[in-house]
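[1] next come a sequence and a model predicted from it.
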Amino acid sequence: MIKGILRKTLFETWALHLAFGIALFVVGMLLTMLLPQLEKGLNQFLTTLPFVRTFIQALLGNDFGGNINAETLRAIVWVHPTVLTLLWAHEIVYCTRLPAGEIDRGTIDVLLSWPISRRRLYVSESIVWLVAGAWLCGMLFAGYWTAGVFAPSQGDRSLRMPLVVIGNLYCVYFAIGGVALMVSALSNVRGRAMATVFGLLLASFLLNFLIQFLPEIEFLSPLGVLSYYRPASILATGKVPWADMLTLMGIGFVGWIAGLEAFSRRNISTL
Amino acid sequence: MNVIATEQLSLNYGNRTGITEVDLCVPQGEIFGFLGPNGAGKTTTIRILLGLLKPHQGTARIFGQDCWSHSATIKESLGYLPGDLRLYPWFTGKRALSILSSIRGKDLSIRGQQLLDRFQLDENVPARKMSRGMRQKLGIILALVHEPQLLILDEPTSGLDPLMCDELYRCLRELTATGATVFFSSHTLSEVELLCNRVAIVRGGRIIADESMDTLRKRVHRAVVLRYREPDDAARTQLPSFLQLEECNGAVCRCVLTGTTPQLVEWAAEQPLEDLSVSPPSLESLFRRFYEAKEPGK
């Protein structure tokens, strides 16, 4: 039964996964190839506009010292706003499909007339979400790796640390998707669910920046999702951020379970 | 054996009443009509039967199983056509049958093709390019294709042309001949009268009648039109107890005959009448009275 639902979900979403996967591949490749070339110019730029340094610092999550070097620029690839926007936009679109999207367009009546429990439906939808996350992160990594083939002079090409960063990024994907599925499970209108998730992400993202300018709100940093995603630190120290990754997995799991329970217990009305 | 059984089923939408203490019993092999005006509670009852809504009070069972907790199991033997059918835009007959085969775990292509031919639907046209009637046909095919033991249809003929309505009625009769049960919701009396063995009428969220069609027909009264020679004659006339006046306009009076025709003829012979007409019994008038009757306490 799940096979049929998976077929339906994939049929509806394959173009979405493909488009975002290709976009992440291209962006990952271009950023990896182009960013190191900015090293000299960017440092000059930072001396004239010092607040830009704070923005980059907010993205990377730690102080990168006096000058931006190749290692710092390699870290920017993984936190570049284009990368995060693509990944999060995919999640907002995909994770609000069931049940909010189905209720919104009225197709939930047909879907729930089939002999499949709401729990199985939710699990089927989640399987595609998890596989799509692996695909997207994989494509970003493939873009990064391919850039190394075309521009082999870009320093250290060790794959271990970028793979740890990708693992951390997948945990971010899991946390956001889990919360998005929960919001969707509580909503009847897809637009409202999308706006709610977008609002939460925007607030989390802005919080990360505000903390750089307002140290007195540092205590709020655990509320920002980027506090648990520090590629610069991973690349610099070589340590696997187990605590951050487990926190993100925990957030995602709680959101996912809450969404599952809400969807299986709620009334469904398209009237 | 009752295929559908509800007891004291109630559900409110906030302050608005959905349904109140609905008791229904639908035996196996019956085509059961569920009749009521728009907003009466027909769809709410159906949504509870399908496990989409959880009742605030009472129980709903299909095949002896609770509609909320065993919803997925029940749907293995159930076909459903929603009242306001919305299909996935990319659904073609072929694709829908293929996906439904995977979900139901059996090959539905042969039976599906038979139904596509019967309802004259092109299997390759996607739902986004279909007319309302074509979408309705595809919805009916998807509800019928696995030969369900119970078919719940919410206003199935909306959007269908008369020929396709006839084809649907034939399908339903064939289905019930195999022992299946049909729960047929409608606000159109004529199709319920044509098709159903029994009918329940819902109004304001309550069941106000639940009887066999034969019993209902016996309750139907004839309409009588009395045309007097002069309007004054009409005004002066004392009607007998077996004639209830509905409307009097000049020399013409419209009445309902609650007695027998010989009684009427005997009485009419002594009246200053120019003409008298008696219409055949009509369920329409009875249902109108059900629909229009004031709710208790109002």
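    Arrived safely.

[2] from residue A:94, how far off is the closest residue to chain B within the stretch 51-200 of chain A?
    Proximity of the stretch 51-200 of chain A to chain B (C-beta to the nearest C-beta) peaks at residue A:106, 3.3 Å away. (Each C-beta comes from the backbone N, C-alpha and C, glycine too.) Residue A:106 is 20 Å from residue A:94, where distance means C-beta to C-beta, to the nearest Å.

[3] got a list of what the residue of the stretch 51-200 of chain A closest to chain B touches?
    Each residue near residue A:106 by C-beta atoms under 8 Å, 6 or more residues apart in numbering or on different chains is listed here: A:270, B:84, B:86.

[4] and these, which is the shakiest by pLDDT?
    By pLDDT, residue A:270 ranks lowest within these, coming in at 76.

[5] okay, the spatially closest residue to that one that is not a sequence neighbour: pLDDT?
    Distance criterion C-beta to C-beta, 6 or more residues apart in numbering or on different chains; nearest residue to residue A:270, sequence neighbours excluded, is residue A:106 at 5.0 Å. Turning to residue A:106, the model gives it a pLDDT of 94.

[6] cool, residue B:63 as well?
    With respect to pLDDT, residue B:63 scores 97.

[7] I'd like the next helix or strand past the longest helix anywhere in chain B.
    The longest helix of chain B (DSSP state H) is helix B:162-177. Next in sequence after helix B:162-177, counting helices and strands by DSSP states H and E, comes strand B:181-186.

[8] after that following strand, next one along is what?
    For strand B:181-186, the following helix or strand on the C-terminal side (DSSP H and E) is helix B:189-195.

[9] just checking, residue B:273 touches residue B:234?
    No. With contact defined as C-beta atoms under 8 Å, residue B:273 does not reach residue B:234; the gap is 9.6 Å.

[10] okay, and the common contacts of the two?
    Common contacts of residue B:273 and residue B:234, defined by C-beta under 8 Å, 6+ apart, comprise B:226, B:228.

[11] between the two, which one's more packed in?
    Between residue B:273 and residue B:234, residue B:234 has the larger neighbour count (other C-beta atoms under 10 Å in any protein chain shown), namely 20 against 17.

[12] where in the chain is pLDDT low?
    The chain I'm using is chain A. Applying pLDDT under 70 to chain A picks out residues A:1, A:61-67, A:152-157, A:271.

[13] you answered for a different chain; I wanted chain B.
    Low-confidence segments of chain B (pLDDT under 70): B:281-283, B:285, B:289, B:292-298.

[14] enumerate the residues of it near chain A.
    Proximity of chain B to chain A, by C-beta under 8 Å from any C-beta of the partner chain, involves residues B:13, B:43, B:47, B:50-54, B:71-73, B:75-76, B:78-80, B:82, B:84-88, B:90, B:95, B:99-105, B:139, B:142-143.

[15] taking those, please make a ChimeraX selection of just the buried ones.
    Of the residues of chain B next to chain A, the buried ones can be selected in ChimeraX as follows, counting by 16 or more other C-beta atoms under 10 Å in any protein chain shown:
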select /B:43,47,50,51,52,53,54,71,72,75,76,78,79,80,82,85,86,87,88,95,99,100,101,102,103,104,139,142,143
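
[16] show only the entries of the residues of chain B next to chain A found in helices.
    Reading helices off the residues of chain B next to chain A with DSSP H, I get B:43, B:47, B:71-73, B:95, B:99-104, B:139, B:142-143.

[17] returning to that earlier point: for the contacts of residue A:106, which one is nearest residue A:204?
    residue A:270 (32.0 Å; C-beta to C-beta).

[18] can I assume that closest one sits in a strand?
    No. Per DSSP: H, G, I helix; E, B strand; the rest coil, residue A:270 lies outside any strand segment and is coil.

[19] returning to that earlier point: how close does the residue of the stretch 51-200 of chain A closest to chain B sit to residue A:89?
    Per C-beta to C-beta, residue A:106 is found 25 Å from residue A:89.

[20] before we move on, the earlier item: need the contacts of residue A:106 in CSV (columns: distance to residue A:207).
    Listed next are those as CSV, based on distance: C-beta to C-beta, whole Å:
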residue, distance to residue A:207
A:270, 37
B:84, 43
B:86, 39
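
[21] can you tell me the centre-most residue of the chain?
    No chain specified, so I'll use chain A. Most central in chain A under C-alpha atoms, centre = their mean is residue A:173, positioned 3.9 Å from the mean C-alpha point.

[22] actually, chain B is the one I wanted.
    Computing the C-alpha centroid of chain B and ranking residues by C-alpha atoms, centre = their mean puts residue B:186 first, at 3.4 Å.

[23] just grab the bridge partners of that one for me.
    residue B:35 (DSSP bridges).

[24] next secondary structure after the helix or strand harbouring residue B:226?
    Secondary-structure assignment from DSSP H and E places residue B:226 in strand B:222-228. On the C-terminal side of strand B:222-228, the closest following helix or strand by DSSP H and E is helix B:231-236.

[25] strands of chain B, start to end?
    Per DSSP state E, chain B carries strands over the ranges B:2-13, B:16-27, B:31-35, B:57-62, B:65-66, B:78-81, B:150-154, B:181-186, B:198-203, B:206-212, B:222-228, B:243-249, B:252-257, B:273-278.

[26] can I get the last one in CSV? Just the C-alpha atoms.
    Backbone C-alpha positions of strand B:273-278 (Å, rounded to 0.1, in the frame of the first residue of the first chain) are rendered in CSV as follows:
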residue,chain,number,x,y,z
LEU,B,273,-68.3,23.2,-9.1
GLU,B,274,-67.4,23.9,-12.7
ASP,B,275,-64.5,21.5,-12.8
LEU,B,276,-62.5,19.1,-10.5
SER,B,277,-59.1,17.6,-11.1
VAL,B,278,-57.2,15.0,-9.0
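
[27] can you list the neighbours in contact with the longest helix of chain B?
    By C-beta under 8 Å, 6+ apart, the residues outside helix B:162-177 that reach it are B:29-31, B:115, B:118-120, B:133, B:137, B:140, B:144, B:147-148, B:151, B:156-157, B:160, B:182, B:184, B:191, B:194-195.

[28] so who does residue 92 touch?
    Using chain A. A:180, A:194, A:197, A:198, A:201 are the contacts of residue A:92 under C-beta under 8 Å, 6+ apart.

[29] not quite, go with chain B.
    By C-beta under 8 Å, 6+ apart, residue B:92 lies in contact with B:123, B:124, B:125, B:126, B:127.

[30] just the buried ones from those, in ChimeraX syntax?
    To isolate the buried ones among the contacts of residue B:92 in ChimeraX, judged by 16+ other C-beta under 10 Å, type:
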select /B:123,125,127
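
[31] which among the contacts of residue B:92 gets closest to residue B:287?
    Of all those, residue B:127 has the smallest distance to residue B:287: 34.3 Å, by C-beta to C-beta.

[32] list the buried ones in stretch A:183-199?
    Buried residues in stretch A:183-199, counted by 16+ other C-beta under 10 Å: A:183, A:184, A:185, A:186, A:187, A:188, A:190, A:192, A:193, A:194, A:196, A:197.

[33] how far does that stretch sit from its chain's centre?
    Centroid displacement of stretch A:183-199 relative to its chain, using C-alpha atoms, centre = their mean, to the nearest Å, is 17 Å.

[34] quick one: contacts of that stretch?
    So stretch A:183-199 is contacted by A:91-93, A:95-101, A:103-105, A:122, A:176, A:179-180, A:200, A:258-260, A:262-263, A:266, A:269 (C-beta under 8 Å, 6+ apart).

[35] quick check on those: which are buried?
    Buried among the contacts of stretch A:183-199 by 16+ other C-beta under 10 Å: A:91-93, A:95-101, A:103-104, A:122, A:176, A:179-180, A:258-260, A:262-263, A:266, A:269.

[36] and chain B, what are its domains?
    Listed by automatic domain parsing, the domain ranges of chain B are B:2-217, B:221-280.

[37] return the most buried member of those.
    domain B:2-217 (a mean of 19; mean count of other C-beta atoms under 10 Å in any protein chain shown).

[38] next, the distance between the ends of that one.
    Taking C-alpha to C-alpha, to the nearest Å, the first and last residues of domain B:2-217 lie 24 Å apart.

[39] give me the helices and strands touching the strand holding residue B:226, please.
    In terms of contacts (3 or more C-beta pairs under 8 Å, 6 or more residues apart in numbering or on different chains; DSSP states H and E), strand B:222-228 is packed against strand B:252-257, helix B:261-268, strand B:273-278.
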